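Q: quick one, fold the following:
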Amino acid sequence: MKNLRPKFIILNKVLMILTLAGLIFISTLNLRAQQYNIAGTAVAMTTPGCYQLTNTTSQAGAVWNIFKINLNLSFDITLSLNFGNRNVIHYVPATCGADGMSFVLQPLSAGVFGAGSGVGFHGINPSVGVVMDTYVDNPTDPAYQHISISKNGDELHATTNELVPPTSAVGFPANITDGLDHLFRFTWTPSGLGNGTINVYFGTSTVLPTIPTLTYTGNLVNTIFAGDPHVYWGVSGSTGGCWNVQTVCMTTVSNFLSDTTICEGSPVGFTNNSISGLPITNYSWHFGDGDSSNLQSPTHTYTTAGTYNVTLYIMNSGGFSSTMTHSIIVNPLPNININDTSICFGDTAVLNASGATYYQWNNGLSPFAVQHVAPLTTTTYTVKGTSIHGCIKRDTSIVTVYPKPVISLTPDTSICKGDSIKLVASGAVSYLWSTTQTSSSIFVSPVINTVYLLAATDNLGCTLDTTVNVKIYTDPQISFTVIPYPAEGCAPVSVSFSDQTFPAIQTWLWNFGDGNTSTNQNPTHNYVTAGDFDVSLKVVTTDGCKGDLTIPAFVKVFDDPVAAFNTNGLQFSLSNPVVNFNSTTSSPSVNSWHWDFGDPVLTDDTSSIQNPSYIYQNQGVFPVWLFVKTIHGCSDSISLYITVVKDSLVFPNFITPNGDGLNDFLDIQNLENLLSNVLTIYNRWGKKVYQKENYIPKIDRWDGDGLADGTYYYILTYKGILKNGEYRSSLTIMR
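A: Have a look, this model is predicted:
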């Protein structure tokens with residue numbers, strides 16, 4: 001065995017390129033070749049199942065079965081190894097053929113290979129390898145080509161990694177670089193808990209020994225592979241400064257493929273992928289559930305999910321056999337379950353599928369477990385559930401669609417604000433109004449347009465949502481005005497009322513506040529008494545809505561004053577002509593007085609004070625007027641006559657009744673201005689010759705008719721305006 005030399009280490013970049021090249025080549029092989037992956041300098045040969053690992057110096061290559069085997073199960077494979085011919089003149093010296101190959105178990109990858117000149121095993125860690133060394137150069141190497149078993153990529157002898165030391169015992173010749181094929185058989189028989197026995201058989205190109213060349217018993221799973229029983233198997237080879245063309249052929253290797261998705265109750269296809277240099281004459285399948293088959297590529301159905309150890313035993317026409325056991329997992333069908341449900345027409349049902357990983361529905365539904373569906377009629381939905389392992393099971397759900405209840409409901413209506421209306425529903429078993437009431441009929445009194453919602457539910461639980469729209473008629477917006485405006489004045493006041501209410505009004509009722517009413521739209525009313533009057537109007541619209549408006553003290557009627565006055569008399573004489581006027585007008589609100597004293601002689605015969613005085617300078621009868629006005633402009637007037645007379649009498653003492661028109665009768669001047677008088681005339685003897693009450697000179701014209709000229713005596717008794725008196729005088733008649 002050679003020392004490792006740095007110049008023989010293969011650069012990762014080069015190896016990557018070679019690996020990629022090998023992968024490209026693999027893609028052209030048949031299905032059997034596709035079970036193997038080449039790495040490093042390895043290439044596939046034209047013979048199916050045969051691979052060249054090296055062909056010159058400083059190379060390292062490997063071929064791996066791409067399927068991991070389970071060390072808890074037995075396997076048996078037979079390979080044909082060719083280590084080259086050291087006697088062929090391909091190198092100098094002619095006896096320098098190298099380096100060897102190793103059969104390896106490792107969990108790392110199907111792309112690793114032993115580095116340098118380490119018999120294709122060096123550095124693969126963890127691993128177990130059957131090392132077949134064709135170059136003796138290490139101090140611990142025996143002086144012959146040899147075979148041994150080691151672990152963890154350590155090909156050196158007498159180390160803790162060596163499991164079985166080198167030997168040239170049964171069937172392993174001192175020179176295996178003879179250019180011939182050598183049969184190599186590797187068997188593993190597990191004994192439980194990671195333990196087992198390796199038997200290695202090394203023979204000629206046609207014969208394998210019956211006694212193992214090497215045997216090792218130990219716990220590979222736990223002591224080497226850290227408890228993981230799944231490993232790749234393959235052959236790795238390398239060269240150093242010397243080289244040989246080293247090849248491996250899968251002479252008798254039992255192997256098979258199964259369907260990637262295995263589900264209980266579904267047929268599983270097993271494809272024989274065994275490789276044999278001679279025709280395979282016998283196939284024996286054991287499916288792990290008690291059934292078996294002798295077909296080359298059988299189909300088997302597992303009725304129960306679980307893990308099954310499937311074994312394929314093959315034998316070829318040369319009597320070589322191989323056994324391979326793989327564990328397969330039969331996955332359970334998904335416990336797909338979907339609920340049946342019922343809905344009411346127009347509602348949405350929730351279908352909740354469970355038990356699978358992926359779901360596919362009919363009816364074009366989305367691929368989710370939960371579906372929201374709203375069928376119009378009773379509908380069956382089917383879901384295909386696929387587990388994470390690809391197993392499929394179907395289930396169905398029936399969504400029963402019940403019709404909505406048929407509800408009779410009070411139609412949309414309108415009412416007046418403040419009124420109530422009864423909303424009545426029927427046809428269901430339960431009711432829920434938006435008012436939270438639950439009876440079939442309710443009374444409502446909306447103040448604005450309101451939509452009342454009703455959820456009516458029948459005995460199937462189906463609910464019909466419906467509405468009643470209750471509109472509010474427009475309230476009468478009462479307004480009125482008057483002519484004149486403002487409505488106030490002195491009694492009587494005539495007021496014309498003008499209704500300006502909207503909307504359309506059907507009836508009117510006016511109350512004028514003084515006990516009078518009217519049903520006209522625009523009435524006129526006379527207020528004859530004073531006072532503040534509240535005016536109200538009650539209306540009914542054409543929609544039947546009522547309204548009223550009262551305006552306090554809308555009409556104001558003011559008192560008319562009653563003009564009145566008194567004086568210190570009605571008759572006055574020029575001797576004392578001062579008249580005192582005193583207004584006795586009844587209204588306390590009078591604030592204006594105007595007196596007209598009726599004296600045409602003077603231009604200033606008026607006064608505006610309440611109680612004036614006036615001096616008449618001429619006799620006569622004077623009409624005196626008093627005009628009064630209140631603070632509200634109400635007025636009245638009254639008049640009376642003041643008589644002013646000359647009450648100074650002028651008494652004559654003779655008369656000349658001769659008919660000349662001069663002093664013909666007894667003319668006592670101003671006598672007519674007296675209130676009353678008695679005139680008595682006596683002769684000189686005291687005899688009464690004439691007497692007259694209320695003698696009026698210009699009417700009575702006493703001229704002493706029938707009396708002789710002479711001296712007479714008269715007495716005048718009188719009552720005057722201001723005084724009474726008596727006058728005595730003599731009277732001479734002279735004709």
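
Q: quick one: secondary structure of His221?
A: Careful, residue 221 is Val and not His. Under the three-state scheme (DSSP: H, G, I helix; E, B strand; the rest coil), Val221 adopts helix.

Q: which residues touch it?
A: Leu71, Asn72, Leu193, Gly194, Asn195, Gly227, Asp228, Pro229 (Cβ atoms under 8 Å, 6 or more residues apart in numbering). Every residue, glycine included, has its C-beta placed from N, CA and C.

Q: from those, list the buried ones, please.
A: For these, a burial check counting by 16 or more other Cβ atoms under 10 Å picks out Leu71, Asn72, Gly194, Asn195, Pro229.

Q: farthest-separated two in the residues you listed?
A: Greatest spacing in the buried ones among the contacts of Val221, by Cβ to Cβ: Asn195 and Pro229 (11.1 Å).

Q: which residues does Gln617 contact?
A: Neighbour list for Gln617: Leu574, Pro577, Asp599, Val601, Leu602 [criterion: Cβ under 8 Å, 6+ apart].

Q: could I get the phi/psi values of the second one?
A: Summarising the backbone geometry of Pro577 under the convention degrees, to the nearest 10, its torsions are phi -90, psi 20.

Q: got a pLDDT number for the residue lying closest to it once chain neighbours are set aside?
A: Leaving aside its chain neighbours, Pro577 sits nearest to Tyr616 (4.3 Å; criterion: Cβ to Cβ, 6 or more residues apart in numbering). The score at Tyr616 is 87. That number is its pLDDT.

Q: which stretches of this protein form helices?
A: 12-26, 220-223, 697-700 (DSSP state H).

Q: least reliable of those helices going by mean pLDDT?
A: Among the helices of the chain, helix 12-26 carries the lowest mean pLDDT, a mean of 31.

Q: pipe the contacts of Val221 into JSON lines and attach pLDDT and distance to Gln52 per row.
A: Below are the contacts of Val221 laid out as JSON lines (pLDDT from 0 to 100; distance: Cβ to Cβ, whole Å):
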{"residue": "Leu71", "pLDDT": "94", "distance to Gln52": "29"}
{"residue": "Asn72", "pLDDT": "92", "distance to Gln52": "33"}
{"residue": "Leu193", "pLDDT": "94", "distance to Gln52": "40"}
{"residue": "Gly194", "pLDDT": "93", "distance to Gln52": "35"}
{"residue": "Asn195", "pLDDT": "96", "distance to Gln52": "36"}
{"residue": "Gly227", "pLDDT": "96", "distance to Gln52": "36"}
{"residue": "Asp228", "pLDDT": "96", "distance to Gln52": "31"}
{"residue": "Pro229", "pLDDT": "95", "distance to Gln52": "31"}
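
Q: list the contacts for the residue nearest to Ser127 when sequence neighbours are not counted?
A: Excluding the flanking residues, the one nearest Ser127 by Cβ to Cβ, 6+ apart is Gln106, at 4.0 Å. Neighbour list for Gln106: Val112, Ile124, Pro126, Ser127, Val128, Val231, Tyr232 [criterion: Cβ under 8 Å, 6+ apart].

Q: inside strands: which ones of these?
A: Val128, Val231, Tyr232 (DSSP state E).

Q: what's around the first one, how many residues?
A: Val128: 27 surrounding residues under other Cβ atoms under 10 Å.

Q: nearest spatial neighbour of it, skipping sequence neighbours?
A: Per Cβ to Cβ, 6+ apart, closest to Val128 is Leu105, 4.6 Å.

Q: correct me if wrong: that neighbour contacts His230.
A: No - counting by Cβ atoms under 8 Å, His230 is not a contact partner of Leu105; they are 10.3 Å apart.

Q: residues shared between the contacts of those two?
A: Counting by Cβ under 8 Å, 6+ apart, the residues touching both Leu105 and His230 are Leu71.

Q: could you check which of the two has the larger neighbour count?
A: Leu105 (24 against 14).

Q: now do the contacts for that one.
A: By Cβ under 8 Å, 6+ apart, the contact list for Leu105 reads Leu71, Ser127, Val128, Gly129, Leu220, Val231, Tyr232, Trp233.

Q: now Leu432
A: Leu432 makes contact with Thr438, Leu454, Ala455, Thr457, according to Cβ under 8 Å, 6+ apart.

Q: can I get the buried part of these as one ChimeraX selection?
A: Per 16+ other Cβ under 10 Å, the buried members of these correspond to this ChimeraX selection:
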select :454,457
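
Q: and of the contacts of Leu432, the nearest to Gly720?
A: Looking across the contacts of Leu432 and measuring by Cβ to Cβ, the closest to Gly720 is Leu454, at 107.1 Å.

Q: the closest residue to Pro657 other than its chain neighbours: how many residues sit nearby?
A: Excluding the flanking residues, the one nearest Pro657 by Cβ to Cβ, 6+ apart is Asp703, at 3.7 Å. By other Cβ under 10 Å, 18 other residues sit near Asp703.

Q: wait, Asp703 touches Phe665, no?
A: Yes - using Cβ under 8 Å, Asp703 makes contact with Phe665 at a distance of 4.4 Å.

Q: so what sits against both of those two?
A: Joint contacts of Asp703 and Phe665 (Cβ under 8 Å, 6+ apart) are Ile655, Pro657.

Q: how deep is the closest residue to Ser238 other than its chain neighbours tucked in, by neighbour count?
A: Once flanking residues are discounted, Ser238 sits nearest to Ala60: 4.1 Å by Cβ to Cβ, 6+ apart. When counting by other Cβ under 10 Å, one arrives at 33 neighbours for Ala60.

Q: wait, Ala60 touches Thr41, no?
A: Yes - with contacts counted by Cβ under 8 Å, Ala60 reaches Thr41, the gap being 6.3 Å.

Q: how is the chain divided into domains?
A: Domains of the chain are assigned by automatic domain parsing as 6-69+76-185+227-253, 256-330, 341-402, 408-472, 480-558, 565-645, 654-733.

Q: and the ones you listed, which one is worst for confidence?
A: domain 6-69+76-185+227-253 (a mean of 79).

Q: return the distance of that one from the chain's centre.
A: Here the centre of domain 6-69+76-185+227-253 is set off from its chain's centre by 73 Å, with Cα atoms, centre = their mean, to the nearest Å.

Q: which residues of the stretch 51-200 of the chain fall in strands?
A: With strands called from DSSP state E, counting those that start in this stretch, the stretch 51-200 of the chain shows them at 60-65, 69-70, 75-82, 100-106, 128-133, 146-151, 162-167, 181-192, 195-202.

Q: these: which one's closest to Lys538?
A: Closest of those to Lys538 is strand 69-70, at 105.0 Å (criterion: Cβ to Cβ).
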